[in-house]
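# Following is a predicted model, sequence given first.
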Amino acid sequence: MLSEGADVQVRPGVDGDLRALTALYNHYVSETAATFDTEPFTPEERRPWLLSHPEDGPHRLMVAADSRSQEILGYATSGPFRPKPAYATSVEVTVYVAPRAGRRGIGTLLYGALFEALAGEDLHRAYAGIAQPNEASVRLHERFGFRHVGTHREVGRKFGRYWDVAWYEKEL
């Protein structure tokens, strides 16, 4: 599957993307509260994560790359919502955009491709947890039909403070 827009290709993630995907994620680990991981990863530490997102099935990894340079501009994933079997028809989704690629519609392209890829899967709901405040992420999720279903108050501690996580839900 290939989506294009503004010199951007959206495609499934592959092993050759691992180093760039790890660097992108590590930016969010080190600089933001968007993830509650607190220590950067090596590519080898992230390999199991990459391998947990095959090209088919309910757990996907979609990558946005510059059509000319192949630079990774962002990625979106769907993964298990919770590990118990009865949750199998629910996924947790997330999107990360390279800081220099923000406000170019990359997140929209990625989620569009991800939800298109998931359309044929036996899935019922998608969930997204958004550390607050993050208005850009809230707007992106609402654009894709997510609705706010609750907030966990001060659920994570990072950078010496507590953060709320707002939970959003979408029918699939």
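Perfect, I can see it now. Numbers count the residues shown, from 1 in each chain.
# Helix or strand with the lowest mean pLDDT in this protein?
In the chain, the helix or strand scored least confidently by mean pLDDT, DSSP states H and E is strand 3-5, which has a mean of 48.
# hey, C-alpha coordinates of the next helix or strand after that one in CSV?
Note on strand 3-5: by DSSP states H and E, the next helix or strand toward the C-terminus is strand 8-12. Provided in CSV are the C-alpha atoms of strand 8-12 (Å, rounded to 0.1, in the frame of the first residue of the first chain):
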residue,chain,number,x,y,z
VAL,A,8,5.6,12.1,0.8
GLN,A,9,5.2,8.4,0.6
VAL,A,10,3.3,6.4,3.2
ARG,A,11,4.2,2.7,3.3
PRO,A,12,4.6,-0.1,5.8
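# Which neighbouring elements make contact with strand 8-12?
With contacts taken as 3 or more CB pairs under 8 Å, 6 or more residues apart in numbering; DSSP states H and E, strand 8-12 sits against strand 3-5, strand 61-66, helix 106-118. In short, each C-beta sits where N, CA and C put it, glycine included.
# Run through the strands of this structure in chain order.
All strands of the chain, identified by DSSP state E, fall at 3-5, 8-12, 61-66, 72-80, 90-97, 125-131, 147-158, 161-171.
# Ok, which of these comes nearest Pro43?
Distance to Pro43, taken as CB to CB, is lowest for strand 72-80 among the strands of the chain, at 12.7 Å.
# returning to that earlier point: closest one to Phe36 among the strands of the chain?
Taking the strands of the chain one by one with CB to CB, strand 147-158 is closest: 4.4 Å.
# Adjacent strands (with direction) for that closest one?
Counting by DSSP bridges, the strands paired with strand 147-158 are strand 161-171 (antiparallel).
# quick one: the partner strand to chain centroid distance?
How far strand 161-171 lies from its chain's middle: 14 Å, per CA atoms, centre = their mean, to the nearest Å.
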